[in-house]
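Asks: I'll drop the sequence and a predicted model, then ask my questions.
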2 protein chains.
Amino acid sequence: MNLRQLAQMLALSQTTVSRALNGYPEVNEETRRRVMDAAKRHGYRPNPSARRLATGKSGMIGYVLPTGAAVDIDPHFVEFLSGLGDYARSHDLDLVLSPADVDDQETTYRRIVANRQVDAVYISSPRPADRRVALVNTLGIPFIVHGRSEGSDFEYPYLDIDNEGAFQEAARLLVQLGHRRLALINGDDRETFAIHRELGMRQALAASGLRLEDRHVCSVVMTEENGYRATRRLLEQDGAPTAIACSSLIMALGVVRAVRDLGLGIPGDVSLIAHDDVFPWLKPENFSVPLSTTRSSIRLAGARVAERLAARISGLEEGARGEVWPVDLVVRGSVAGAPA
Amino acid sequence: MNLRQLAQMLALSQTTVSRALNGYPEVNEETRRRVMDAAKRHGYRPNPSARRLATGKSGMIGYVLPTGAAVDIDPHFVEFLSGLGDYARSHDLDLVLSPADVDDQETTYRRIVANRQVDAVYISSPRPADRRVALVNTLGIPFIVHGRSEGSDFEYPYLDIDNEGAFQEAARLLVQLGHRRLALINGDDRETFAIHRELGMRQALAASGLRLEDRHVCSVVMTEENGYRATRRLLEQDGAPTAIACSSLIMALGVVRAVRDLGLGIPGDVSLIAHDDVFPWLKPENFSVPLSTTRSSIRLAGARVAERLAARISGLEEGARGEVWPVDLVVRGSVAGAPA
DNA sequence: CGAAAAAGCCAAAGCGCTTTGGAAGACTCT
DNA sequence: AGAGTCTTCCAAAGCGCTTTGGCTTTTTCG
């Protein structure tokens, strides 16, 4: 059942039927009711391909997915997706993942914009002066950055959590507990979130006349194994740290294992605070020693990003509004006073 | 630059240019070269919306994503996606995720098929006589099932791993080591993979005159916490099992923690074998006691599913071919002879 | 050499929707 | 009553591609 048939059936023109259905004002309310009624009764659904060709709107939001034999998609992605999908569902949006070579995402961005494949995109894991952000900004497609990309000469809309504040608070707590040598096991420090977290720690320490030694900072891909390795390296050196902040629960698994392997204890010998993105399948309170965390639901962020994308598509939101969510510091058993 | 302009530029008709570009035979090779040349030089890219409207083909593969406030996307999904995306990239396919209410996916399947939004779909985590499989089968869109759905009265194409054989082998090994009371901590037993795994264990045990007691079988959502709880429940009962097979590495984390909490040891008191889908961020060899596993890369499966979908779209593959991959049993330190 | 077949190209008709530019009729106002 | 203004609807022109049906021109072959 297409528009023409429906129009014929109602003895109206396609124009009128189309307008009635799309809520244009220049149609009699009585007529509109008749049209909508008939449409519903016959289960008429406008053909999206045709609509897209005519309007250029696709009803989809896009994400360029970096891929490659050596590229692993972050498990955080799936949680973000849960939130995004949940919102998208209730608003009839689809999400299209366009896989791209990790080293050439520009081509893909250009393609999806030129082809008008999606109405909006989001960008995740941004870096300082991220080229993707600059690109979509000039391409003129609605977008939201999940995270921040600093050092660009333009404003852009984003949603981020207060990584700096979170790790600042975490470090402050540890210092208050008497720790003097803190360590940070961070994610890839080319990404802004990691930079902010390091910055936050440095600031908190500086405020107490302390500093974060370079040898006490690790930047690695966030796997259990890397958490383990980093921890061993940290704890086996002279002047080992007595407290560790860790950028992910997954790495924290490795931290805990390493501490145990070294015959040390949490929080007796080492205090630990990790960042928790709130996975349903791995909870900090269930660690052998319940983990203190800086907590922020990445899932909620996904839903919010979807919401704002929808708003931008429909013109309800515009401009370069940045949104920074506070992060909870949740204290559990994994922190204690510094060992004597 | 659109087709008409290109045709005008070449002083040819749109027909000829279109045919030249799409490799139809009724065009002079010399002409074809000229056309392709000009197309490349001017960076002509056919408008996919227009092409889609004309042909009904979208160049996308689809996945209906069950969502809901209480629905968590499985972290396995992201690994599968890595493989799928990697293949899709090299073949210019996009993936569209259509979020659907977990309790009404049919509407969404019908929509994406009726609207011809995608050229093919895949279905994951199937159950016996899965209605989604029956649905897409009757809807007539190319599809592949990742997993199996038994008890339907029709054939369909699928890719699955030999879950039954894997757990059979695992159980056999444990029995050979002298274990008599085995337990299974399984995933949701409404899904085929879980059913197959249980079946495999039962068969192996039966072959030795043993049986898997119902109280030694747990079926839970695969989280760390559920692994922990299940293990405590198992080990705190009379006639506790001396060996556990576990359907996921994530649950295995909880198993290990529970065993430790109970003051028991692996493999001294309890042997453990888990299924490993091969996550880059959590490896069985890195558990405090290296984990024996039944191993199968879900990522490779994703790539293979994409490959077969592409083949089906282009008509290279047809029929209801089922493909079952063998699973490796990798023995590490977590298994030992049964305690006296 | 002439008829039949093949090769190479084109005009035009879709695909199903939105949107522009009116036009007819109803209503308002002086 | 006539001009002007709304209201309500329509015909037709896109959007950019594929594909049908047909028309020349060239090649093939008895």
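Replies: Good, I have the coordinates. Just so it is clear, the structure is predicted and the values come from calculations on it, not from any experiment.
Asks: so where's the stretch 151-300 of chain A uncertain?
Replies: Of all residues in the stretch 151-300 of chain A, none has pLDDT under 70.
Asks: Please, where are all the strands along it?
Replies: In the stretch 151-300 of chain A, the strands defined using DSSP state E, counting those that start in this stretch lie at A:158-161, A:182-186, A:217-219, A:243-246, A:271-276, A:292-295.
Asks: elements contacting the fourth one?
Replies: Going back to what we said before, that points to strand A:243-246. In terms of contacts (3 or more CB pairs under 8 Å, 6 or more residues apart in numbering or on different chains; DSSP states H and E), strand A:243-246 is packed against helix A:163-176, strand A:182-186, helix A:224-235, helix A:249-261, strand A:271-276. In short, each C-beta sits where N, CA and C put it, glycine included.
Asks: Could you rerun that using 6 Å?
Replies: strand A:182-186, strand A:271-276 (3 or more CB pairs under 6 Å, 6 or more residues apart in numbering or on different chains; DSSP states H and E).
Asks: how many neighbours does residue A:42 have?
Replies: 12 (other CB atoms under 10 Å in any protein chain shown).
Asks: Contact residues of chain A facing DNA strand D?
Replies: A:11-16, A:26-29, A:31, A:50, A:53-54 (CB under 7 Å from any atom of the strand).
Asks: Put the buried members of those into a PyMOL selection.
Replies: Per 16 or more other CB atoms under 10 Å in any protein chain shown, the buried members of those correspond to this PyMOL selection:
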select buried, chain A and resi 12+16+27+53
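Asks: The residues of chain A next to DNA strand D: which ones sit near DNA strand C?
Replies: Near DNA strand C, by the rule CB under 7 Å from any atom of the strand, you find A:14, A:15, A:26, A:50, A:53, A:54 out of those.
Asks: Out of those residues, show me where the pLDDT dips lowest.
Replies: Ranked by pLDDT, these bottom out at residue A:26, which has 89.
Asks: what's the spacing between the nearest residue to that residue once chain neighbours are set aside and residue B:40?
Replies: Spatial nearest neighbour of residue A:26, chain neighbours left out: residue A:19 (6.4 Å); criterion: CB to CB, 6 or more residues apart in numbering or on different chains. Residue A:19 sits at a distance of 42 Å from residue B:40 (criterion: CB to CB, to the nearest Å).
Asks: Ok, residue A:139 next?
Replies: Residue A:139 is 22 Å from residue B:40, by CB to CB.
Asks: And these two? Which one has more around it.
Replies: Ranked by neighbour count (other CB under 10 Å), residue A:139 and residue B:40 place residue A:139 first, with 15 against 9.
Asks: what about the residue nearest to that one when sequence neighbours are not counted, which SS state?
Replies: Once flanking residues are discounted, residue A:139 sits nearest to residue A:113: 4.6 Å by CB to CB, 6+ apart. Three-state assignment for residue A:113 (DSSP: H, G, I helix; E, B strand; the rest coil): helix.
Asks: Tell me how many other residues crowd residue A:113.
Replies: Counted with other CB under 10 Å, residue A:113 comes out at 19.
Asks: Can you get me a residue count around residue A:55?
Replies: 11.
Asks: repeat for residue A:41
Replies: Residue A:41, neighbours per other CB under 10 Å, totals 8.
Asks: same thing with residue A:236?
Replies: 10.
Asks: which phi and psi does the residue lying closest to it once chain neighbours are set aside have?
Replies: Leaving aside its chain neighbours, residue A:236 sits nearest to residue A:262 (7.4 Å; criterion: CB to CB, 6+ apart). Taking degrees, to the nearest 10, you get phi -80, psi 0 for the backbone angles of residue A:262.
Asks: Just give me the neighbour total for residue A:262.
Replies: Neighbour number of residue A:262 under other CB under 10 Å is 15.
Asks: same thing with residue A:37?
Replies: 11.
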